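A.B. asks: give me coordinates for this.
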Amino acid sequence: MGFEDESRSYHAADPPGKIEIATTKPTNTQRDLSLAYSPGVAGPCRGINENPDDAYRYTAKGNLVGVISDGSAVLGLGDIGAQASKPVMEGKGVLFKRFADIDVFDVELDLDDPDAFAAAVSAMEPTFGGINIEDIAAPECFRIEETLREEMSIPVFHDDQHGTAIITGAALLNAAEIAGKDVADLEVVFSGAGAAATATARFFASLGVDPDNVTMSDIDGIITEERAAEGDPHPYVAEFASEEGGELADAMEGADVFVGLSVGGIVSPEMVRSMASDPVIFAMANPDPEIDYEAAKTAREDTVIMATGRSDYPNQVNNVLCFPFIFRGALDVRATEINEEMKVACAEALADLAKQDAPDAVRKAYSDETLRFGPEYILPKPLDSRVLFSVASAVAQAAISSGVAREEIALDEYRERLEARLGKSLEMMRIVLDKAKRDPKRVALAEGENERMIRAAFQMEEEGVAEPVLVGDRESIEGTIDDLGLAFDPEVAGRSEATYGAYADRLYERRRRKGLTRNEAMARLEGDPNYLASAMVEAGDADAMLTGLTHHYPSALRPPLEVIGTAEDADYAAGVYMLTFRDRVVFCADATVNQDPDEEVLAEVARHTAELARRFNVEPRVALLSYSDFGSVDNQGTRKPREAARTLRRDPDVDFPVDGEMQADTALVEGMLTGTYDFAELEEPANVLVFPNLEAGNIGYKLLQRLGGADAIGPMLVGMDEPVHVLQRGDEVKDIVNLASVAVVDAQQQ
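C.D. replies: Below is the predicted model:
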């Protein structure tokens, strides 16, 4: 099956198309339906009639964008008409939702007259919070956008113009920095004079490029003042018209930057060689760029900084880096327009993000590329979730500063709102990260020579959540830091006889009655960084430790258990996962440590997991799980959780509701819990699930994660005398930073 046939099958699969409407309020009962429609809608309708701004309070308008086209300039397909453009407009809606959680109605208007088109769109203002016009031919698109911006008091954005301009502008800022050139001195040549090229030339001027240094060319050659005076190719290029004419090759001689928004194959290696030193080439014709990537890169000896519109080459200029996020920021402050200040803020935020260490998830998605700031990486990747936080926040701030925002927001709180849109896990981790920042603690990272651990340490320090101490060989660690290009001078706990000696004495004192000799204590410290990190924590030289990236869980856990041990009120450690769903959070224990716990262990695990939940500002409701409900089956297995629940309820220090034994669905489904078992101690569904054994716990949390679509944070180790967390092999940098933050909060409370 060819790609086009595969694409048609994809779109035709039931249900046809790519989008649907989903309800956001309950519609299960007659009462629900009466609130959703008649007579319930009367109240909000009257409210909006009295105060039009209440439309943002009672309806989805504030998060709804209209993607509107006449189909006159669709992708590489040209003028295919309004209806044929609908798959593209639906696709645009998918990107809005996927990357910025913005809802979309796509509207295809069969109107050839730009004035009629503008009038139709303007009449839709009561429906939408913003308008994205799309795939409209030049020069009509300029006129339509200008009209709509004048007539409408909501953001209007023509992505084909400004999205390309903003992304290319961000690339220009970083390319100029790498080439060591001042933006104001750049000589820039454009191939193409359509909507995207004209808007990009204008935006470059907003970034500091001198318009007199811009030369525009099209199929008929350099656009001269004489041509512009005659309206050729359209009046909007007049500000970039040149005195002298010539061909594209003439314009490129000595130029610093080439911007191609035209057709493929029109630039030769000789033309690249004629450019100034370390040239910048943005060849963005699709699918074939103006010059092939390899041909441009090998055309000369110095550095060629290149970007294209293709995903199979470095530095893809992809509009999805812009339009979802600029609308997100504009909608969230209810901006009346998207002005030049907001566009510049977007470009600068993208340029800055490319200089930061890329997350592991992005590195995995682009495994064949080096994601380190330089000629091959001047733009962040579309799958980098940080784009939402960086760009939307910058755009919102620019809207407020420039006076077009109708609602001001606290930017710190705004980031939390954005994180909540990407999932409950980010929202929950923000609680712990904020607590950690208030009083960062020293965290020993046992596998300090590991690249991911070093990158995590850098992020901990950058974000101020911890004071990392890398355990390992200083020379090796510093070499990795240099290779990664991190501006970072961490504390390193190196291998020295003096250090080992002091810790060996303490370890020997602690373990000599368990068969450990002084020489064996020294050997363990010298041979296993987990022992050294554990000894640092036990001696008070570090407040917490992390390990496990390169070890099996049991072997990573053994040293801290031997050296640090469990807390005074604990005889057992346990591993807990926090699972975050769209509308709830559940803590699952024990999933990593105790194979076949008795009722005493189950009760202790429940207590420590409840304490952990409170560190995330979650009030615990504990269920002891089994395959039986409240004695429906009576055997040794069901008695253990039942007795554990009774033990907890009798404990005067237990100040949270707890019950069991019960089945998992009884614990989690409110109707079953309160309807069938109205005597249960839990008045609401449980959020702490204590499994009867390790096998059930491990299977259960993984099923919830994989089939239930939950994000998993952990395992978090509870019951230790000092904060210790054991990572899973393969954990990403963000997982390490998250667990370090949990360890810091543990240390704060201790």
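A.B. asks: domain ranges for this protein?
C.D. replies: Partitioning the chain according to automatic domain parsing yields domains covering residues 16-159, 162-401, 435-563, 574-719.
A.B. asks: among the ones you listed, which gets the worst mean confidence?
C.D. replies: Sorting the domains of the chain by mean pLDDT places domain 435-563 lowest, at a mean of 86.
A.B. asks: can you get me the start-to-end distance on that domain?
C.D. replies: 28 Å (C-alpha to C-alpha, to the nearest Å).
A.B. asks: for stretch 214-234, same thing?
C.D. replies: End residues of stretch 214-234 are separated by 17 Å (C-alpha to C-alpha).
A.B. asks: ditto for stretch 566-584
C.D. replies: The first and last residues of stretch 566-584 sit 30 Å apart, counting by C-alpha to C-alpha.
A.B. asks: for D653, which three-state class applies?
C.D. replies: Under DSSP: H, G, I helix; E, B strand; the rest coil, D653 falls in the coil class.
A.B. asks: longest helix of this structure?
C.D. replies: For the chain, the longest helix by residue count, based on DSSP state H, is helix 159-179.
A.B. asks: what about stretch 117-128, start to end distance?
C.D. replies: Taking C-alpha to C-alpha, stretch 117-128 runs 16 Å from one end to the other.
A.B. asks: who's in contact with that stretch?
C.D. replies: 55, 61, 64-66, 68, 70, 105, 107, 109, 111, 131, 133, 136, 140, 143-144, 147-148, 151-154 (C-beta atoms under 8 Å, 6 or more residues apart in numbering). C-betas here are computed from N, CA, C, even on glycine.
A.B. asks: what residues of that stretch count as buried?
C.D. replies: Buried residues in stretch 117-128, defined by neighbour count with 16 or more other C-beta atoms under 10 Å: F117, A118, V121, M124, E125, T127, F128.
A.B. asks: adjacent strands (with direction) for the helix or strand just after the longest helix of the chain?
C.D. replies: As assigned by DSSP states H and E, the chain's next helix or strand after helix 159-179 is strand 188-191. Strand 188-191 has its sheet partners listed here by DSSP bridges as strand 214-218 (parallel), strand 257-260 (parallel).
A.B. asks: pick the most buried one from these.
C.D. replies: Of those, the one with the most neighbours on average (mean count of other C-beta atoms under 10 Å) is strand 257-260, at a mean of 28.
A.B. asks: helices - which of the buried residues of stretch 117-128 land there?
C.D. replies: F117, A118, V121.
A.B. asks: between the buried residues of stretch 117-128, which is closest to R406?
C.D. replies: Relative to R406, the closest of the buried residues of stretch 117-128 is E125; by C-beta to C-beta it sits at 14.2 Å.
A.B. asks: count of neighbours near N28?
C.D. replies: 7 (other C-beta atoms under 10 Å).
A.B. asks: residues contacting the residue lying closest to R649 once chain neighbours are set aside?
C.D. replies: Among residues not flanking R649 along the chain, V658 sits closest, at 6.2 Å (C-beta to C-beta, 6 or more residues apart in numbering). Applying C-beta under 8 Å, 6+ apart, we find V658 in contact with A606, R621, V622, A623, L624, A645, L648, R649, E681, L682.
A.B. asks: got it, and G730?
C.D. replies: Taking C-beta under 8 Å, 6+ apart, we find G730 in contact with L549.
A.B. asks: now do the SS call for it.
C.D. replies: Assigned with three-state DSSP, G730 falls in the coil class.
A.B. asks: related to what we said a few turns ago, now the strands paired with strand 188-191 in JSON lines, with distance to M429?
C.D. replies: Listed next are the strands paired with strand 188-191 as JSON lines, based on distance: least, C-beta to C-beta, whole Å:
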{"stretch": "strand 214-218", "distance to M429": "46"}
{"stretch": "strand 257-260", "distance to M429": "41"}
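A.B. asks: of all the ones you listed, which one is nearest R452?
C.D. replies: Nearest to R452, of all the strands paired with strand 188-191, is strand 257-260, at 36.7 Å by C-beta to C-beta.
A.B. asks: give the next helix or strand downstream of that closest one.
C.D. replies: Assignment by DSSP H and E places the next element after strand 257-260 at helix 269-273.
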